[in-house]
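Trainee: This is a predicted model, with the sequence first.
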Amino acid sequence: MVEWSDSERSTIASVWGKINVDEIGPQALARVLIVYPWTQRYFGAFGNLSSATHGRTVLNALDKAVKNLDNIKGTYSELSQLHCDKLNVDPDNFRLLADCLTIVVASAFGSALSPAVQATWQKFLSVVVAALSSRYF
Amino acid sequence: LTATIFFKNLSAKDKAAVRDLWAKISGKADDIGQDALSRMLVVYPQTKTYFSHWKDLSPGSAPVRKHGKTVMSGVAEAVSKIDDLTSGLLNLSELHAFQLRVDPANFKILSHNILVVLAILFPTDFTPEAHVAMDKFLSALSLALSEKYR
């Protein structure tokens, strides 16, 4: 069970409240496809589904995690099945997207993303990444 | 963080992009170093082990600022020797391998925090193209630093 302090909970809520889902999601996904080009392979099957659309989908899923901090693993059970069992995404790629999300949030927030806020944000993303990877083990 | 895979294949385009970005950011090298180190110590507390001799490990402290400068002058040197990082950084590699014995995983951690700081300070210049070039460069730099380990 992941423990969240009161300060971490309010930091996550505050950061999430300022994130523009329609911008941040597509930007992060576009960045992943450029910085880590092998990830493009996973999107070939999407055909017409643009990375902008999927970027928004990813951020909307993160919204569920924000609203269910005490049970992210359970909340993501089906998504984990989809990514692991059906799409066979190497879990390392979840970390790559998480890193790009952090970079994009950093661009948008500037110094409001203080070291302490960055720490809490990255902790949140690692919990999400672990939940998405849970079907592998 | 991703598995520690290092890339050393810098193309001519990568090198041009790194030099380009460096020209824009080098004026703030000290700030970048201080901020990246501060973040590393807060976000990845296990890295504090290398600095137990410091009086103050808090963000922006005097030892953090001083060491940030040292780190960034190493990065500056690497930019100037980008065509042959392995031989260019020989002394630094020996230092990190034989004396400091920094676990190479930490190079990836510091690199990540440098990239976060670049995104914060230079949001328009740190495009995805600049990002990938810088990521590859820091990876090649880290590899050159690790060359002497074994």
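Mentor: Everything's here; your move.
Trainee: quick one: low-confidence ranges for chain A?
Mentor: Along chain A, segments meeting pLDDT under 70 span A:44-49.
Trainee: how about the helices of it, start to end?
Mentor: With DSSP state H as the criterion, chain A has helices at A:6-18, A:21-35, A:51-67, A:72-75, A:77-80, A:92-109, A:115-133.
Trainee: How far does the first one sit from its chain's centre?
Mentor: The reference is to helix A:6-18. 15 Å (C-alpha atoms, centre = their mean, to the nearest Å).
Trainee: Same question for stretch B:133-150.
Mentor: On C-alpha atoms, centre = their mean, the centre of stretch B:133-150 falls 9 Å from the chain's centre.
Trainee: related to what we said a few turns ago, output the helices of chain A as CSV; include the columns mean neighbour count.
Mentor: Any C-beta I mention is one placed from the backbone N, CA and C, and that applies to glycine too. As requested, the helices of chain A are exported to CSV (neighbours: other C-beta atoms under 10 Å in any protein chain shown):
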stretch, mean neighbour count
helix A:6-18, 14
helix A:21-35, 20
helix A:51-67, 17
helix A:72-75, 17
helix A:77-80, 15
helix A:92-109, 22
helix A:115-133, 20
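Trainee: Ok, which of those comes nearest B:V132?
Mentor: Taking C-beta to C-beta, helix A:21-35 is the member of the helices of chain A nearest to B:V132, at 4.5 Å.
Trainee: Any idea how far the closest one is from the middle of the chain?
Mentor: Centroid separation for helix A:21-35 versus its chain: 11 Å, with C-alpha atoms, centre = their mean.
Trainee: Now do it against helix A:51-67, angle only.
Mentor: 120 degrees (axes from the mean of the first three to the mean of the last three C-alpha atoms, to 10 degrees).
Trainee: picking that back up, ok, which of the helices of chain A comes nearest B:R19?
Mentor: Smallest distance to B:R19 across those (C-beta to C-beta): 18.8 Å, for helix A:21-35.
Trainee: Pick out the residue nearest the middle of the chain.
Mentor: All of this refers to chain A. A:A98 (5.1 Å; C-alpha atoms, centre = their mean).
Trainee: should've been chain B
Mentor: Within chain B, and using C-alpha atoms, centre = their mean, the residue nearest to the centre is B:S111, at 4.6 Å.
Trainee: Show me where chain B dips below the pLDDT cut-off.
Mentor: B:1-7.
Trainee: relative to its centroid, which residue of it is most remote?
Mentor: B:K55 (23.1 Å).
Trainee: which residues touch that residue?
Mentor: B:P63 (C-beta atoms under 8 Å, 6 or more residues apart in numbering or on different chains).
Trainee: same question, B:P123
Mentor: Counting by C-beta under 8 Å, 6+ apart, B:P123 has contacts A:S107, A:A108, A:G110.
Trainee: so the first one touches B:F126, yeah?
Mentor: Yes: when contacts are counted by C-beta atoms under 8 Å, A:S107 is listed as touching B:F126 (6.7 Å).
Trainee: anything in contact with each of those two?
Mentor: In contact with both A:S107 and B:F126: B:A119, using C-beta under 8 Å, 6+ apart.
Trainee: rewinding a little: could you dump the contacts of B:P123 into CSV and include distance to B:K81?
Mentor: Below are the contacts of B:P123 laid out as CSV (distance: C-beta to C-beta, whole Å):
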residue, distance to B:K81
A:S107, 29
A:A108, 34
A:G110, 32
